[in-house]
Every structure is written in structure tokens, then in C-alpha cells.
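In: I'll drop the sequence and a predicted model, then ask my questions.
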Amino acid sequence: MHKLGNGSAQTASSFCGLEQDWGTTGAQESPFVLVVVLDETVQQGLYSSSVFHVVGPLANQLVGFRSR
């Protein structure tokens with residue numbers, strides 16, 4: 001999520017996980033600090049990826065995706 005959070009390009013065919021609340025509370029990327037991922041960045045990242053799994057309640061979903 002560090003790459004998604006700071007706008008770096010994702011590697012093609014990388015498998016990633018995304019938790020919905022990372023947009024408000026941030027994602028822990030040790031040894032980095034918490035990375036808050038903007039909603040626009042999340043939407044753009046998912047739009048250019050292949051989503052293969054979504055689980056959890058609407059307010060706090062976990063999304064599995066593969067970058068293209």
C-alpha cells in the first residue's frame with residue numbers, strides 16, 4: 001500500500017490487498033509510518049486492476065486485486 005499511498009506505479013501482475021479503512025486510519029507499512037491512501041487513489045488503482053475477491057461489511061471491506 002505504500003506504493004499506492006504515495007502514487008508510485010504498481011508492478012504489473014502484483015497481487016495486493018486493500019482494506020477500506022486505510023483511507024481514514026492509514027495502512028501500516030513497517031518500517032514506514034502509517035500511509036493514508038486517498039479515496040481517489042484507491043478508485044484509480046482498482047479501476048486499472050483486476051479485482052478477484054471482496055469480503056466484509058460495506059463500511060470495512062477487504063479487497064484482493066491484481067495490478068495490470
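Out: Yep, it's here. Numbering: from 1, shown residues only.

In: the spatially closest residue to S13 that is not a sequence neighbour bridge partners, please.
Out: Distances taken as C-beta to C-beta, 6 or more residues apart in numbering place R66 nearest to S13, at 6.2 Å, with adjacent residues excluded. No exception for glycine: its C-beta is placed from N, CA and C like everyone else's. Bridge pairing for R66 (DSSP bridges) gives the partners F15, S50.

In: A59 versus R66, what's the distance?
Out: 24 Å (C-beta to C-beta, to the nearest Å).

In: repeat for E19
Out: To A59, E19 is 11 Å away according to C-beta to C-beta.

In: please identify which of these two sits among more neighbours.
Out: Between E19 and A59, counting by other C-beta atoms under 10 Å, E19 is the more crowded of the two (15 against 7).

In: so the more buried one makes contact with A27?
Out: Yes - if you go by C-beta atoms under 8 Å, E19 and A27 touch, sitting 7.0 Å apart.

In: who's in contact with L34?
Out: With contact taken as C-beta atoms under 8 Å, 6 or more residues apart in numbering, L34 is in contact with T25, G26, A27, Q28.

In: quick one: the strands in the protein, in order.
Out: Counting by DSSP state E, the chain has strands at residues 15-19, 49-55, 62-67.

In: nearest to T41, of those?
Out: strand 15-19 (10.5 Å; C-beta to C-beta).

In: sounds good, over and out.
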